[in-house]
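Visitor: The sequence isn't on hand, but the structure is:
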């Protein structure tokens, strides 16, 4: 299923642009961008060689915000094109440079563009570590993540929390951090998620709880919910592609099980049984067939077994 996401983004322009616009619009809006969704879509549709003036944006969208929104789109393109690049100091700093190039920060404080911060910063009531500790902390974070295997959603959430706590840049930490998380999901077979601006307060609260109490569980629950939202929103693309790639005909109830697991990430046999309104034996037969077709996997022992779509 995750392979289906990557292949679709490579081969289906409509799907790629939809994910690209949604992700970058919300990530920019969370940071206070004044660019409207319509204007952001105009920026996304600019052709090579065209500039922001060619987008004919509304008066609502401020110039510097438009520059950074367009840069966020370009960053998304760069990250996806180079999805398998290994995280490093140089790569993360390049992400921030792409995001801030031509912005007010770049013009006024060029030494803070594409480089870790050289000053103290304050984030609401949270004090990130002093600038002279950033490189060491980022080294520990990158090296710790790069040796982990397999990478799970919990690892990605932990990285995101530690990254935002370090706050390595003067500006652009949230957008680069969320972009890194999206890359990490696709790169490691984890269902991606988009942090929606409408849930900004919840997202920020999850980060704050993590900062102050070293409790990652709230952010993990938030991300699991947004994984479900991602799969639900794009299930028409993903279901079609998944079935085409499997090259196997599925019975109606088999399709219903796959759709259910697409929307719920995982489920017990009893939950699937209730959803299909079938008896235990019939449900087990269907689940066994889908396992034989390598579309789903069974995880856990007899008392706590769950079923998930295979991340191929």
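Guide: Yes, it's here. Everything quoted here is computed from the prediction, not taken from an experiment. Residues are numbered from 1 along each chain as shown.

Visitor: Can you tell me the closest non-neighbouring residue to residue 291?
Guide: Setting aside the residues directly before and after it, residue 291 is nearest to residue 298 in space (C-beta to C-beta, 6 or more residues apart in numbering), at 6.2 Å. Bear in mind the C-beta positions are built from the backbone N, C-alpha and C, glycine included.

Visitor: which SS class is that neighbour?
Guide: strand (DSSP: H, G, I helix; E, B strand; the rest coil).

Visitor: Give the bridge partners for it, please.
Guide: Here residue 298 sits in beta bridges with residue 307, as judged by DSSP bridges.

Visitor: May I ask you to confirm that it is in contact with residue 304?
Guide: No - no contact is recorded between residue 298 and residue 304 when judged using C-beta atoms under 8 Å, the distance being 11.2 Å.

Visitor: quick one, helices of the stretch 151-300 of the chain?
Guide: Across the stretch 151-300 of the chain, reading from the start of the chain, the helices by DSSP state H, counting those that start in this stretch fall at 153-166, 173-187, 200-213, 217-233, 235-246, 252-264, 269-276, 280-292.

Visitor: need the least confident one among the ones you listed, by mean pLDDT.
Guide: Looking at those, the lowest mean pLDDT belongs to helix 235-246 (a mean of 63).

Visitor: Comparing residue 298 and residue 304, which residue is more hemmed in?
Guide: Set residue 298 next to residue 304 and count neighbours by other C-beta atoms under 10 Å: residue 298 wins out with 13 against 8.

Visitor: Please name the residues that touch the more buried one.
Guide: Under the criterion of C-beta atoms under 8 Å, 6 or more residues apart in numbering, the contact partners of residue 298 comprise 287, 291, 305, 306, 307.

Visitor: rerun at 10 Å
Guide: Each residue near residue 298 by C-beta atoms under 10 Å, 6 or more residues apart in numbering is listed here: 269, 287, 288, 290, 291, 305, 306, 307, 308.

Visitor: Tell me how far the last one lies from residue 298.
Guide: Using C-beta to C-beta, to the nearest Å, one gets 8 Å for the distance from residue 308 to residue 298.

Visitor: contacting residues for the spatially most central residue of the chain?
Guide: Residue closest to the mean C-alpha point of the chain, counted by C-alpha atoms, centre = their mean, is residue 182 at 3.0 Å. With contacts taken as C-beta under 10 Å, 6+ apart, residue 182 has the following neighbours: 19, 23, 27, 76, 79-80, 83, 156, 190, 192-195.

Visitor: so which pair among those residues is furthest apart in space?
Guide: Distances among the contacts of residue 182 were taken as C-beta to C-beta; the most separated pair is 83 and 195, at 19.2 Å.

Visitor: So which of the two has more stuff around it?
Guide: Relative neighbour count places residue 195 above the other of residue 83 and residue 195, with 24 against 14, counting by other C-beta under 10 Å.

Visitor: Now do the phi/psi pair for the more buried one.
Guide: As for residue 195, its main-chain torsions (degrees, to the nearest 10) stand at phi -80, psi 110.

Visitor: for residue 151, same thing?
Guide: phi -90, psi 120.

Visitor: Count the neighbours of residue 279 for me.
Guide: 9.

Visitor: ugh, wrong one, residue 125
Guide: 8.

Visitor: how about it, phi and psi?
Guide: With angles defined as degrees, to the nearest 10, residue 125 shows backbone torsions of phi -100, psi 20.

Visitor: From residue 10, how far out is it?
Guide: 43 Å.

Visitor: you'd agree residue 43 is up against residue 76?
Guide: No - with contact defined as C-beta atoms under 10 Å, residue 43 and residue 76 do not form a contacting pair (11.8 Å).

Visitor: between these two, who's got more neighbours?
Guide: When neighbours are counted by other C-beta under 10 Å, residue 43 comes out ahead of the other of residue 43 and residue 76, with 25 against 22.

Visitor: which non-adjacent residue is nearest the more buried one?
Guide: In space, not counting the residues next to it along the chain, residue 43 is nearest to residue 70; the distance is 4.8 Å by C-beta to C-beta, 6+ apart.

Visitor: residues touching that neighbour, list them.
Guide: The contact partners of residue 70, by C-beta under 10 Å, 6+ apart, come to 24, 28, 35, 40, 42-44, 46, 51-52, 55, 101-102.
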